[in-house]
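**Student:** here you go, sequence then predicted model.
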Amino acid sequence: MAPIIFITGISGYIGGQVLHDITKKHPEYQVHGLVRTKEQQQQIASKYPFVKTVIGDLDSAEVLKAEAAQVDVVLPDADHNPSILYLLPSLQKTGTFIQLSGAASISTASNGLGQLTTKKWSDIADLKEITTFDHSHLHAVTDQLVLSEGKKQGIRTAVVVPPGVYGTGQGEVKKTSMVLPWYVDAVKKRGRGFTLGEGTNVASVIHVRDLAAAFILLVEEALKEGGGRADWGEEGWYYVEGGEYVFREMAGAIVKGMKKKGWIEREGVDEIKIEEAKELHPYAELLWGINMRVNGERIKALGWSAKEESVFDSIPELLAD
């Protein structure tokens, strides 16, 4: 019998890319997806008529439980604790739960906004600390719930933790990320480039297609006897990264491209304070002022590597009309 995969974020940026790639690589899989509206259902069906969609949201307890009970792998995509408690206990004992989280849990501006911190978090050496963060850390509550509930239910779990995601997605509904597209919007609004403080802060990044490839690799391992070569449960923590950038260098490259296109009049990058930045975007501190540096050793040990264009090489696509 063909494996069944349930993706809750099928209409989203990352989930849409996973849908696109997994159906291409594994046409033998049966893919189910959660959509919020009939319009999204029709959009998905127009491109993927062989994918089963169900209408609901993360609070649709009975829908989620019914789907989880019949599938082999669940790929949820949000910090939504009730849905985890609907999905995970409903899985068969042979099933696998692969949660999408985010590396904002280790983001820091401990030396000040826009200032470099040298710590790079490892999903092997730092595992104990990152899986027991206090609940003031973003994603920590949900991440720890997945691990504890998986252990309680005897279900294989993994937490996939990307840093900043870039690149145009190939999903049918949402195709763009947040950090860099929102910076472009902010520069348009301001008329000039900027950094928070000196802009020497550094962020790890991953192309959306490389991230999807990591998810698919874990699905493949999950479907092998005994969970394959992957780590699961308390050791099933996977940073997925494909390089990093200094924010000031990224800002300068984006602004140069925007000037060339005639979107702004000057190429300069100003150092601004958080008060001005928040007028451009309420999440400015987290988007453009922090360090978020990770080393994804576990996924690389499974043979995964980043193959897509670098974040700097993706700037023309970012600035496409």
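**Tutor:** Structure's in. What do you need? Numbering: from 1, shown residues only.

**Student:** please enumerate the helices of the protein.
**Tutor:** When assigned using DSSP state H, the helices of the chain occupy the ranges 13-25, 38-47, 61-68, 81-87, 127-130, 140-153, 179-190, 208-222, 247-260, 274-280, 284-288, 297-301, 315-318.

**Student:** who are the packing partners of the last one?
**Tutor:** Helix 315-318 sits against helix 179-190, helix 247-260, with contacts defined as 3 or more C-beta pairs under 8 Å, 6 or more residues apart in numbering; DSSP states H and E. Placement of C-beta: from N, CA and C, glycine included.

**Student:** check which helices and strands the shortest one sits against.
**Tutor:** With contacts defined as 3+ C-beta pairs under 8 Å, 6+ apart, helix 179-190 has these neighbours: strand 164-166, strand 193-196, helix 247-260, helix 274-280, helix 284-288, helix 315-318.

**Student:** just how off-centre is the shortest one within its chain?
**Tutor:** On the basis of C-alpha atoms, centre = their mean, to the nearest Å, strand 164-166 is displaced by 7 Å from the centre of the chain it belongs to.

**Student:** rounded mean pLDDT for that strand, please.
**Tutor:** Strand 164-166 comes out with an average pLDDT of 98.

**Student:** skip the chain neighbours and tell me the closest residue to Asp21.
**Tutor:** In space, and not counting its chain neighbours, Asp21 is closest to Ala212: 4.6 Å by C-beta to C-beta, 6 or more residues apart in numbering.

**Student:** so the one you found touches Gly16, yeah?
**Tutor:** No: shown here, Ala212 and Gly16 do not form a contact pair, counting by C-beta atoms under 8 Å, at 9.1 Å.

**Student:** can the helices and strands packed on helix 179-190 go into TSV with extra columns for distance to Glu241 and mean neighbour count?
**Tutor:** Output for the helices and strands packed on helix 179-190, formatted as TSV (distance: least, C-beta to C-beta, whole Å; neighbours: other C-beta atoms under 10 Å):
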stretch	distance to Glu241	mean neighbour count
strand 164-166	9	25
strand 193-196	22	25
helix 247-260	15	19
helix 274-280	25	15
helix 284-288	18	21
helix 315-318	19	16
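
**Student:** nearest to Ala45, out of the ones you listed?
**Tutor:** Proximity to Ala45 (C-beta to C-beta) singles out strand 164-166 among these, at 25.9 Å.

**Student:** list the neighbouring strands of that closest one plus their orientation.
**Tutor:** Partner strands for strand 164-166, per DSSP bridges, with pairing direction: strand 202-207 (parallel).

**Student:** what's near enough to touch the residue lying closest to Lys38 once chain neighbours are set aside?
**Tutor:** Excluding its sequence neighbours, the residue lying closest to Lys38 (C-beta to C-beta, 6+ apart) is Ile55, at 6.7 Å. Residues in contact with Ile55, defined by C-beta atoms under 8 Å, 6 or more residues apart in numbering, are Leu34, Val35, Arg36, Thr37, Lys38, Gln41, Val63.

**Student:** can I get these in a markdown table with pLDDT and neighbour count?
**Tutor:** Shown next, in a markdown table, are these (pLDDT from 0 to 100; neighbours: other C-beta atoms under 10 Å):
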| residue | pLDDT | neighbour count |
| --- | --- | --- |
| Leu34 | 97 | 25 |
| Val35 | 96 | 22 |
| Arg36 | 95 | 14 |
| Thr37 | 96 | 11 |
| Lys38 | 96 | 10 |
| Gln41 | 96 | 18 |
| Val63 | 97 | 16 |
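
**Student:** want to try a markdown table for the residues you listed, with distance to Arg293 as columns?
**Tutor:** Conversion of the contacts of Ile55 to a markdown table gives the following (distance: C-beta to C-beta, whole Å):
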| residue | distance to Arg293 |
| --- | --- |
| Leu34 | 33 |
| Val35 | 35 |
| Arg36 | 34 |
| Thr37 | 38 |
| Lys38 | 42 |
| Gln41 | 39 |
| Val63 | 38 |
